[in-house]
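Student: with the sequence up front, the predicted model follows.
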Amino acid sequence: MYSVPFDHRRIDLEDYDDVYVVGDVHGCLDALERLLSTLNLGENDLAIFVGDLVRKGPESVAVLERVRRSPKLCSVRGNNEQKLLEGDASLSNFGRAEYEYVESLPLAISWDGGLVVHGGVDPNRELTAHSSRDVLTMRSPNGDGYDGPFWFDAYEGPPRVFFGHTVLEEPLEREWVIGLDTGCVYGGYLTAYDVRRDRFITVSTTEHTSRSDDKFVPVEGR
């Protein structure tokens, strides 16, 4: 068992039949609907999002509403949700119900052996030494953003950490890390990880926002 010092939700995997963890959606409702159709969630299944449901894509509020209204869907808070709460960003039609939902999102969801956060963790610190800001924005604890080095290249667990935030060319699967932001809003694809079967499920997307190639982190050989 491990503890975290920030807002956190604990679940028991045995309470669900299938559990999926889903990467950054960024307002891409069409891709989300196609992924959910592919997953075909049963009454006792759960999909957990790594945050950044909103911003950059065309239908952020609709994505929030889609997740908020389903008992089969839940999410941790991402840095883009945090920007809405702090007034550093805004969305049209973002009303009181949406604000309260975003405010209610935990910074982490965990189960025995697994931890879902948006950004990541510092491999050189215990979980108890992390702040809320750390897990929202972690990318390169000893570097400068996409210049690296990346936290997930040195992290050795436990727990196994499921994360988004850093845009990857391909989903990342290692013993202790699962990276799920595959650039949905940038013309990549939306990715889910099937926790029971240890496999990825992806759907392609159309590009909504341009992004330079050097802001996609290669996975092969890492």
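Tutor: Looks like it arrived, so ask away.
Student: who are the packing partners of the lengthiest helix in the chain?
Tutor: What stands out as the longest helix in the chain, according to DSSP state H, is helix 29-39. In terms of contacts (3 or more C-beta pairs under 8 Å, 6 or more residues apart in numbering; DSSP states H and E), helix 29-39 is packed against helix 60-68, strand 189-194, strand 199-204. (Each C-beta comes from the backbone N, C-alpha and C, glycine too.)
Student: K215: which of those is closest?
Tutor: K215 lies closest, by C-beta to C-beta, to one member of the helices and strands packed on helix 29-39: strand 189-194, at 16.2 Å.
Student: flag every buried residue along that closest one.
Tutor: 189-193 (16 or more other C-beta atoms under 10 Å).
Student: buried deepest among the helices and strands packed on helix 29-39, which one?
Tutor: Of all the helices and strands packed on helix 29-39, strand 189-194 has the most neighbours on average by mean count of other C-beta atoms under 10 Å, namely a mean of 22.
Student: run the angle between that strand and helix 29-39 for me.
Tutor: Calculated by axes from the mean of the first three to the mean of the last three C-alpha atoms, to 10 degrees, strand 189-194 forms an angle of 30 degrees with helix 29-39.
Student: may I have strand 189-194 exported as CSV, CA atoms only?
Tutor: The C-alpha trace of strand 189-194 is given here as CSV (Å, rounded to 0.1, in the frame of the first residue of the first chain):
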residue,chain,number,x,y,z
TYR,A,189,-5.1,9.2,-32.1
LEU,A,190,-7.0,8.6,-28.9
THR,A,191,-5.7,5.7,-26.8
ALA,A,192,-7.1,3.5,-24.1
TYR,A,193,-5.3,0.8,-22.1
ASP,A,194,-7.2,-2.3,-21.1
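Student: mind listing the strands it pairs with, and their directions?
Tutor: Strand 189-194 pairs in its sheet with strand 19-22 (antiparallel), strand 199-204 (antiparallel), by DSSP bridges.
Student: would you format those strands as JSON lines with mean pLDDT included?
Tutor: Shown next, in JSON lines, are these (pLDDT from 0 to 100):
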{"stretch": "strand 19-22", "mean pLDDT": "98"}
{"stretch": "strand 199-204", "mean pLDDT": "96"}
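Student: switch the ones you listed over to JSON lines; also include distance to T38.
Tutor: JSON lines is the format used below for the strands paired with strand 189-194 (distance: least, C-beta to C-beta, whole Å):
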{"stretch": "strand 19-22", "distance to T38": "10"}
{"stretch": "strand 199-204", "distance to T38": "6"}
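Student: the ones you listed: which one's closest to L180?
Tutor: Nearest of the strands paired with strand 189-194 (C-beta to C-beta): strand 19-22, 6.3 Å.
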